[in-house]
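Chemist: need a 3D model of the sequence below.
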Amino acid sequence: MDDEKKIESIYELLHRPIPWDPIPPWLRLTKEQLDRFAKMEIEFQRKELEIQQQKLKELGSIAGLG
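Modeler: Below you'll find the predicted structure:
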């Protein structure tokens, strides 16, 4: 097989649709479930930021900055 045919074969292989669905059926979520998850994620991030602020405040206290 010459180089041009090899390149064509590789190109076709790379641009062929994947024969399987990458998202398993048990992982498909409804819009409501996704919204609920997003709200939960935002709440966790808010709590994480509060903890980071508390840590910085304590560090400042330890370092004598406040």
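Chemist: give the contact list for A38.
Modeler: Applying Cβ atoms under 8 Å, 6 or more residues apart in numbering, we find A38 in contact with no residue. Using the backbone N, CA and C atoms, a C-beta is placed for each residue, glycine as well.
Chemist: any idea how far it is from K5?
Modeler: Shown here: A38 relative to K5, a distance of 49 Å by Cβ to Cβ, to the nearest Å.
Chemist: residue ranges in the chain under the pLDDT threshold?
Modeler: Low-confidence segments of the chain, defined by pLDDT under 70: 1, 21, 66.
Chemist: quick one: the helices in it, in order.
Modeler: Counting by DSSP state H, the chain has these helices, from start to end: 3-14, 31-63.
Chemist: check which helices and strands the first one is in contact with.
Modeler: Taking 3 or more Cβ pairs under 8 Å, 6 or more residues apart in numbering; DSSP states H and E as contact, there are no helices or strands that helix 3-14 lies on.
Chemist: what would the helices of the chain look like in TSV with distance to P24?
Modeler: As requested, the helices of the chain are arranged in TSV below (distance: least, Cβ to Cβ, whole Å):
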stretch	distance to P24
helix 3-14	24
helix 31-63	15
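Chemist: W20 is nearest to which of the ones you listed?
Modeler: W20 lies closest to helix 3-14 among the helices of the chain, at 15.6 Å (Cβ to Cβ).
Chemist: just how off-centre is the closest one within its chain?
Modeler: Average the C-alpha atoms of helix 3-14, do the same for its chain, and the two points are 32 Å apart (Cα atoms, centre = their mean, to the nearest Å).
Chemist: dump the C-alpha coordinates for it into CSV.
Modeler: Output in CSV follows, covering the C-alpha atoms of helix 3-14 (Å, rounded to 0.1, in the frame of the first residue of the first chain):
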residue,chain,number,x,y,z
ASP,A,3,1.6,6.3,1.4
GLU,A,4,-1.3,8.1,-0.1
LYS,A,5,-3.6,5.1,0.4
LYS,A,6,-2.3,4.7,4.0
ILE,A,7,-3.1,8.3,4.7
GLU,A,8,-6.6,7.9,3.2
SER,A,9,-7.2,4.8,5.3
ILE,A,10,-6.1,6.5,8.5
TYR,A,11,-8.3,9.6,7.7
GLU,A,12,-11.3,7.4,7.1
LEU,A,13,-10.7,5.5,10.3
LEU,A,14,-10.4,8.7,12.3
